[in-house]
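J.: only geometry, no sequence info:
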């Protein structure tokens, strides 16, 4: 039987009565029929732009019908997600267009944020919150008898990043839009994200993260702005029509870069900025002659090779092919981006004299550094400026953010790669280096050692130092925490800091309160609305109003009840993901981040074994119950970090199954860490583990998110931990471990980790248990490489800090038993960490580096035509 047509509520309507017979036409001289004047005028707001519940509901049902060919009798949760997403996108589009018009009308200076990663997470809830229609959308779903949360869960995390670098970029885009700063992000539209992580037998197993498999409702393809990106070939000299010596790049293998645009909504304003991501396509997708002859694989070979460039985020670079693909990714992204920026600039300018006054490009770490010689190439070879003109424009147009203190993370590329793939850029880098070293010689005569240290080219083996190129080619170089910036100038790039002191500055990282409190922790957000006023969402300094409530016993109970609610939610997530039941009365001790030896997840694991031994020695002794929660991914080629993941899971398997332990100790590893998983974990944490070796973490942003959500921190004086401790107060932060200068000093004196093993019986027992396969009975010797590193070099001072870590954790235990005092400390953490807003950080960039102004966007209110 055919279904009856649905109404807005999805219910069938009665069949319409038959239409009356048509009247005969009136005679020519008869009076016109009198029509009744309507008593009221019905105003209908535009379905594409209206923000009220009836209009949103009507729009959702229209999108369901006309974009998805479904109705409410057949829709699935995925259909509901797509329908509400396109409904929300319609509201963004109006503001998106008006935003670009406002920038164009004001001829505003633009900020272009170049990043290899943008870890956006899910966009639907964030967009609804920023537009101010979250509650209206929830009401629409209630009227339709379906669950909004179920639809929100259908959205995959955008697989465009790996860790803190990409998440910071996403926070900064959010803040630029919320501050109405004329900004735009540029990156790569990776077809597959970093990877999907499964834990099998305790090991990390990687599979493709096909985050686009169900489509992406947020992006709009812009094929009309596709650009050609060159690789390989050769350069040749010629004289132009005016007799000037010129270089051109010829016989190259070209790839097409196709842009996809994603709207980035500001909170509580009408600004919607743009994130432009590039997809690689072949210039010719099919060699028809080869296909016609039956060579089908060869016929599509060019398509495959071209599209590999944007296929996967960070291909494994343990092979030469992987390294080469990474270099191609970086150049593909910056070439397309710089060409696009130049095109946009020339729409309103006829010469390049104002380029640095209208354009600033921020390099988010060294990955986009090839943008510097690419802009220089375009100005010299395409637009035919002189060297002095082109170089002056180039270095005044870039800012460089450094994100690492690890020497191995400061990118270097073999000269042979650039000779083969980017011959023109290698020539330009050599010329930049020659002129730069001449400046160094002039300013520091007789300092040959200084020239060697500062050169853009490392001689043995011959490599291009990308961080050096970034500093020479930028007007600003910033670190991302006070300690990091200090070490950047004293340890990593000291000669450059001495040469260009005016370029070096600090911009401590921040996180967006829209996602990391309002979206991820609604109960706390509601409490903040009540105490601080709703303005805290865009002015996080207003959290200081909580200070006066820290000693209020009634308020402490309300705050503690919110933490318990979030822990209950997290316990449910743990049960759903792992099958492990955990007690919300236990301390939720959380370490979630990318796996790396310097982040020292293995120090945490050794402490867990120490606690296990305490229980086994005396099962009846008092013990503060703990649930240890881990999440994070290791790079596929990083064997030692993957072994740490295996160790944690192996320890957990033994402890969780031991009846003597019962609920006093649980170890949980939540696989496939993502932004949306972090949103569920962070609000429920009691203790935040920020235990990296001092002097190795640039900043961190997880430490900020935990503190803002009322977790206390155990940590070293590393990265932004230093500033968090300064602001929350020593008594509200659990500090342990060597300081950065003590790490350097100990290494200089000859660090011998084995002596710590010999002198500390607790440490010796823990390591011996691992060595004797207590946690790997079926895989004897599996952890030997990790033990050899710890007892041999121990580059990240795990054994040196073990005893201090154990002692500090005992302080944590005692503090956790004093519930009122613990809650007081947690409230003060929230109240005193408003500084760590990405709004504050972006405002500092805008005022002190970019020199850009906010451009408010005004929308006319709806008026019926």
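T.: Great, that's in hand. What you see is a predicted model, and the numbers here were worked out from it, not measured in a lab. Numbers count the residues shown, from 1 in each chain.

J.: quick one: secondary structure of residue 580?
T.: When classified by DSSP: H, G, I helix; E, B strand; the rest coil, residue 580 comes out as coil.

J.: Just confirm residue 670 contacts residue 631, I think it does.
T.: Yes. Assessed by CB atoms under 8 Å, residue 670 is found in contact with residue 631 at 4.3 Å. For glycine as for every other residue, the C-beta is placed from the backbone atoms N, C-alpha and C.

J.: what's the overlap in contacts for these two?
T.: The contact sets of residue 670 and residue 631 overlap at 592, 677, 681 (CB atoms under 8 Å, 6 or more residues apart in numbering).

J.: so of the residues you listed, which ones are in helices?
T.: Judged by DSSP state H, the subset of those located in helices is 677, 681.

J.: Just the buried residues of the shared contacts of residue 670 and residue 631.
T.: Taking 16 or more other CB atoms under 10 Å as the criterion, what is buried in these is 592, 677, 681.

J.: where along the stretch 451-600 of the chain do the helices fall?
T.: Under the criterion DSSP state H, counting those that start in this stretch, helices of the stretch 451-600 of the chain are mapped to 466-472, 482-487, 494-499, 513, 522-532, 553-578.

J.: and the third one, what does it pack onto?
T.: Spelled out, that is helix 494-499. Contact here means 3 or more CB pairs under 8 Å, 6 or more residues apart in numbering; DSSP states H and E; on that basis helix 494-499 packs against helix 448-454.

J.: which parts of the helix it packs on are buried?
T.: 450-451, 454.

J.: Export the residues you listed as CSV, with columns for pLDDT.
T.: Listed next are these as CSV, based on pLDDT from 0 to 100:
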residue, pLDDT
450, 94
451, 93
454, 97
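
J.: Show me which of the residues you listed is closest to residue 838.
T.: residue 454 (33.3 Å; CB to CB).

J.: What residues sit buried inside the helix or strand containing residue 101?
T.: Element membership for residue 101 (DSSP states H and E) is helix 77-106. If you call a residue buried by 16+ other CB under 10 Å, then helix 77-106 has these buried ones: 79-92, 95-96, 98-100, 102-103.

J.: Ok, stretch 594-608 next?
T.: 594-608.

J.: which residues of the stretch 251-400 of the chain score low on pLDDT?
T.: 285-302, 316 (pLDDT under 70).

J.: quick one, helices of it?
T.: 288-292, 296-299, 301-307, 320-346, 355-358, 371-377, 387-395.

J.: center of the chain, which residue is that?
T.: residue 167 (1.7 Å; CA atoms, centre = their mean).

J.: mind listing the strands for the stretch 101-250 of the chain?
T.: 110-114, 183-188, 196-200, 203-207, 220-221, 227-231, 234-239, 245-250 (DSSP state E, counting those that start in this stretch).

J.: For residue 639, find the nearest of these.
T.: strand 203-207 (10.7 Å).

J.: Check which strands are paired with the closest one and give the direction for each one.
T.: strand 196-200 (antiparallel) (DSSP bridges).

J.: Could you check the angle the strand it pairs with makes with helix 553-578?
T.: Angle between the axes of strand 196-200 and helix 553-578 is 80 degrees (criterion: axes from the mean of the first three to the mean of the last three CA atoms, to 10 degrees).

J.: Check which residues of strand 196-200 are buried.
T.: 196-197, 199.

J.: now do stretch 218-238
T.: Buried-residue list, stretch 218-238, by 16+ other CB under 10 Å: 218-219, 225-227, 229-231, 233, 235.

J.: What is the end-to-end distance of that stretch?
T.: 46 Å (CA to CA, to the nearest Å).

J.: That one - what's its average pLDDT?
T.: Averaging pLDDT along stretch 218-238 yields 97.

J.: chain center to that stretch: distance?
T.: Relative to its parent chain, stretch 218-238 has a centroid offset of 26 Å by CA atoms, centre = their mean, to the nearest Å.

J.: sorry, back to before: tell me the contacts of the residue nearest to the centre of the chain?
T.: 119, 161, 675, 701.

J.: Could you check the pLDDT of the closest residue to residue 733 other than its chain neighbours?
T.: Counting by CB to CB, 6 or more residues apart in numbering, residue 733 lies nearest to residue 725, which is 4.3 Å off, once chain neighbours are set aside. Looking at residue 725, its pLDDT stands at 98.

J.: Then residue 29?
T.: So, for residue 29, pLDDT stands at 44.

J.: shaky segments in the stretch 451-600 of the chain?
T.: Checking the stretch 451-600 of the chain against pLDDT under 70 turns up nothing.

J.: Look up how far residue 536 lies from residue 647.
T.: According to CB to CB, to the nearest Å, residue 647 stands 41 Å off from residue 536.

J.: Show me what the lengthiest strand in the chain pairs with in its sheet, parallel or antiparallel.
T.: Across the chain, the longest stretch assigned as strand under DSSP state E is strand 253-265. Neighbouring strands of strand 253-265 in its sheet, by DSSP bridges, are strand 220-221 (antiparallel), strand 227-231 (antiparallel), strand 272-282 (antiparallel).

J.: circling back to that earlier point, how big is the angle separating the helix holding residue 101 from strand 253-265?
T.: Using the same axes, to 10 degrees: helix 77-106 against strand 253-265 is 90 degrees.

J.: Skip the chain neighbours and tell me the closest residue to residue 645.
T.: The nearest residue in space to residue 645 (CB to CB, 6+ apart) is residue 204, at 5.0 Å.

J.: again, but for residue 404
T.: Per CB to CB, 6+ apart, closest to residue 404 is residue 698, 5.7 Å.

J.: count of neighbours near that neighbour?
T.: Applying other CB atoms under 10 Å, we find 27 residues neighbouring residue 698.

J.: mind checking the backbone torsions on it?
T.: phi -60, psi -50 (degrees, to the nearest 10).

J.: thought it was touching residue 721?
T.: No. Using CB under 8 Å, residue 698 is not in contact with residue 721, being 11.5 Å away.

J.: Model confidence at the residue nearest to the centre of the chain, what's the number?
T.: So residue 167 comes in at 94 (pLDDT).

J.: what's the answer for residue 445, then?
T.: pLDDT, read off for residue 445, is 89.

J.: re the thing from before, relative to residue 249, which of the helices of the stretch 451-600 of the chain is closest?
T.: Nearest to residue 249, of all the helices of the stretch 451-600 of the chain, is helix 466-472, at 19.0 Å by CB to CB.

J.: How about residues contacting the closest one?
T.: Helix 466-472 is contacted from outside by 363, 366, 369-370, 372-373, 395, 398, 400, 402, 410-413, 429, 432, 436, 454-456, 477, 492-493, 496, 500, 503, using CB under 8 Å, 6+ apart.

J.: buried stuff in that helix?
T.: Buried, per 16+ other CB under 10 Å, within helix 466-472: 466-472.

J.: In TSV: those, plus distance to residue 769.
T.: Formatted as TSV, the buried residues of helix 466-472 follow (distance: CB to CB, whole Å):
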residue	distance to residue 769
466	43
467	42
468	46
469	48
470	46
471	48
472	52
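
J.: As TSV, the buried residues of helix 448-454 with distance to residue 48 would be great.
T.: Shown next, in TSV, are the buried residues of helix 448-454 (distance: CB to CB, whole Å):
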residue	distance to residue 48
450	62
451	62
454	56
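
J.: What is the nearest of those residues to residue 345?
T.: Nearest to residue 345 among the buried residues of helix 448-454, with distances taken as CB to CB, is residue 454, at 31.4 Å.

J.: which residues does the closest one contact?
T.: So residue 454 contacts 436-437, 440, 468, 495-496, 499 (CB under 8 Å, 6+ apart).

J.: Greatest separation within those: which pair is it?
T.: Most distant of the contacts of residue 454, by CB to CB, are 437 and 496, 13.0 Å apart.

J.: So for those two, which residue has more residues nearby?
T.: Per other CB under 10 Å, whichever of residue 437 and residue 496 has more neighbours is residue 496, with 21 against 17.
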